[in-house]
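Novice: quick one: sequence and predicted model below, then my questions.
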Amino acid sequence: MKQLTRGLIALAIGAVIWLIPVPEGLQAEAWHLFAIFVATIAGFILQPLPIGSIAFISITFTALTGVLKAADVLSGFSATNMWLIVSAFLFSKGFIKTGLGRRISYMLIARLGDRTLKLGYILALSELIISPATPSNTARGGGIIFPIARSLSSAFQSEPGPTANRMGAFLMQIGYQGNVITSAMFMTAMSGNPVIVLLAAKALNIDISWGLWAAAAIVPGLLSLLVIPYYLYKCYPPEITHTPTAKSLALTELEVMGSMSFGEKVVAGVFTGALLLWGTSQYTSLDATVVAMMAVSAMLMTRVLEWKDVLEEKGAWDTFIWMGSLVGLANFLSKLGFIPWLAKVVSANMAGISWIPALLLIIAIYVYTHYGFASMVAHIVAMYSAFITVATALGAPPYLAALSLAFMSSLCGSLTHYAAGPAPIYFGAGYIDQKTWWQQGFAISVINLVIWVGIGSFWWKLLGLW
């Protein structure tokens with residue numbers, strides 16, 4: 001489909017909604033903002049232009065037509081969580097620039113990597129260690145973990161094609177699925193997570209701290225990281241099960257890297273300090289954004305990061321532009337009454353259903369509608385606020401609804417080869433065909449639902465979330 005056609009389709013969708021008579025109980029501004037919002041999301045999915053361009057055009061049109069005032073439409077850029085995202089992107093640049101992320105992975109392989117299953121767990125463990133400081137799951141997966149998985153595969157003569165199943169297919173899938181799981185485990189592990197916190201605060205008037213998110217996710221997250229590699233090992237087994245030379249390969253890489261540099265030591269110390277401050281915010285009262293900014297400031301003062309690194313971090317500023325635009329639009333969908341109106345309409349049609357089966361149905365719908373999205377954040381902005389509002393209107397406890405759907409916002413990335421930023425990288429390596437990827441992805445989505453919603457709900461009960 002040509003870019004012009006895609007753009008016209010997105011515009012047509014918005015125009016049709018705009019021209020439909022305003023439903024009873026809504027202001028015209030709320031309905032027109034909804035039309036702009038839907039057209040923006042359609043643009044994100046069809047991508048006639050880069051999503052930053054689409055978001056910028058969208059907020060310009062919103063202000064030009066008077067649907068919102070300029071100050072209102074730009075209000076999303078002043079949200080503290082937007083600066084948490086920027087700071088965390090810069091934090092992750094320190095991991096990549098200094099090579100600390102690669103060193104951690106190779107150190108684990110050198111100690112434990114004598115079996116293929118262990119290698120899979122090491123990739124997942126590396127993801128777990130690095131993820132709290134890398135909100136770009138694409139940078140984490142594509143820039144740190146994927147090159148290691150790819151080099152290990154080649155070292156054992158496993159290449160795309162006839163030898164893919166020797167080891168490469170197994171490592172690629174674990175690398176990606178581990179990325180999906182760790183993205184759900186920490187507020188700072190995926191760029192959409194701080195947006196979720198902001199949307200939950202606006203829609204339900206609740207505060208999800210970094211520590212609360214991590215505490216709620218840690219038990220089901222660790223279970224998923226234990227179960228998924230073993231499931232893949234048993235159901236899609238690699239032909240090579242023993243890898244005695246992997247340790248020597250890792251030792252060779254570590255030898256090439258040399259001793260820890262000053263920059264690596266700084267990043268390791270700053271990372272440890274940030275984790276401690278994020279995890280103890282209830283005692284220190286330090287905002288998560290302030291902690292992330294402190295971490296970046298420390299790296300700037302020690303020259304681990306240069307100011308040119310800040311200016312050249314395109315991912316941070318690109319995300320800031322399009323996410324700030326969407327947050328501004330989403331905030332006013334709620335303020336103008338559209339989200340409460342939608343929740344009222346949907347809940348009226350689900351009258352008589354208790355909140356537990358209703359929440360389970362909402363979670364399932366939320367997860368599997370991701371087949372239609374090529375971006376986790378687009379999915380979040382399009383559906384998260386409405387779904388948590390409907391769930392709570394039907395009686396679901398606010399924190400339970402907000403966090404369960406927050407975790408699913410990342411876990412739904414297991415489904416397809418275009419579901420999240422790292423997916424095309426791992427799929428594009430050529431080790432796994434599309435049919436197998438989708439089969440594995442669906443099975444893993446079911447396993448994650450059982451673990452996170454089935455077992456996780458008991459953990460959340462102990463935490464007092466419901």
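Specialist: Yes, it's here.

Novice: contacts, neighbours, all on C-alpha from now
Specialist: Noted.

Novice: contacting residues for residue 216?
Specialist: For residue 216, the contact set (CA atoms under 8 Å, 6 or more residues apart in numbering) comprises 403, 459-460, 463.

Novice: buried subset of these as a PyMOL selection?
Specialist: Applied in PyMOL, the following selects the buried portion of these according to 16 or more other CA atoms under 10 Å:
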select buried, resi 403+459+460
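
Novice: in helices, which of the contacts of residue 216 fall?
Specialist: 403, 459-460 (DSSP state H).

Novice: okay, these in TSV with pLDDT next?
Specialist: Shown next, in TSV, are the ones in helices among the contacts of residue 216 (pLDDT from 0 to 100):
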residue	pLDDT
403	96
459	95
460	95
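
Novice: let me have those in a markdown table, extended by distance to residue 159.
Specialist: As requested, the ones in helices among the contacts of residue 216 are exported to a markdown table (distance: CA to CA, whole Å):
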| residue | distance to residue 159 |
| --- | --- |
| 403 | 40 |
| 459 | 42 |
| 460 | 43 |
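
Novice: for residue 131, state which of those is nearest.
Specialist: For these, the residue nearest residue 131 by CA to CA is residue 403; the value is 18.3 Å.

Novice: now that closest one, nearest residue through space, not along the chain?
Specialist: With CA to CA, 6 or more residues apart in numbering as the criterion, residue 403 has its nearest non-adjacent residue at 7.5 Å, and that residue is residue 213.

Novice: ok, now which ones touch the one you found?
Specialist: Per CA under 8 Å, 6+ apart, neighbours of residue 213: 185-187, 403.

Novice: how close does it get to residue 463?
Specialist: Distance of residue 213 to residue 463, computed by CA to CA, to the nearest Å: 11 Å.

Novice: pLDDT score assigned to residue 101?
Specialist: Residue 101 carries a pLDDT value of 74.

Novice: ok, now how distant is residue 18 from residue 28?
Specialist: 9 Å.

Novice: what's the answer for residue 88, then?
Specialist: Taking CA to CA as the measure, residue 88 and residue 28 are separated by 38 Å.

Novice: the two: which has the busier surroundings?
Specialist: Between residue 88 and residue 28, counted using other CA atoms under 10 Å, the more crowded position is residue 88 (27 against 16).

Novice: pull out the buried residues from the helix or strand hosting residue 441.
Specialist: Using DSSP states H and E, residue 441 sits within helix 434-449. In terms of neighbour count (16+ other CA under 10 Å), helix 434-449 has its buried residues at 437-438, 440-442, 444-445, 447-449.

Novice: now do stretch 364-371
Specialist: Going by 16+ other CA under 10 Å, stretch 364-371 has these buried residues: 364, 366-368, 370.

Novice: now do residue 290, the pLDDT please.
Specialist: 86.

Novice: do residue 282 as well
Specialist: 69.

Novice: rewinding a little: most neighbours out of the contacts of residue 213, which is it?
Specialist: residue 187 leads the contacts of residue 213 on contacts (other CA under 10 Å) with 31 neighbours.

Novice: name the SS class of that one, please.
Specialist: coil (DSSP: H, G, I helix; E, B strand; the rest coil).

Novice: pretty sure it contacts residue 132?
Specialist: Yes. Between residue 187 and residue 132 there is a contact at 7.5 Å, judged by CA atoms under 8 Å.

Novice: returning to that earlier point: let me know the closest of the buried residues of stretch 364-371 to residue 342.
Specialist: residue 366 (15.8 Å).

Novice: which element follows the lengthiest helix in the chain toward the C-terminus?
Specialist: Determined from DSSP H, the single longest helix within the chain is helix 210-235. Using DSSP H and E, the helix or strand that follows helix 210-235 in sequence is helix 244-257.

Novice: now, the most widely separated pair of the buried residues of stretch 364-371?
Specialist: It's 364 and 370 that sit farthest apart of the buried residues of stretch 364-371, by CA to CA, at 10.3 Å.

Novice: buried stuff in the helix or strand containing residue 194?
Specialist: Using DSSP H and E, residue 194 falls within helix 193-204. For helix 193-204, a neighbour-count test (16+ other CA under 10 Å) marks 193-200, 202-204 as buried.

Novice: likewise for stretch 116-130?
Specialist: 116-128, 130.

Novice: could I get these as TSV with pLDDT and distance to residue 395?
Specialist: As requested, the buried residues of stretch 116-130 are exported to TSV (pLDDT from 0 to 100; distance: CA to CA, whole Å):
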residue	pLDDT	distance to residue 395
116	85	46
117	89	43
118	87	44
119	85	44
120	89	41
121	91	39
122	87	41
123	88	40
124	91	36
125	90	37
126	87	39
127	89	36
128	92	34
130	84	37
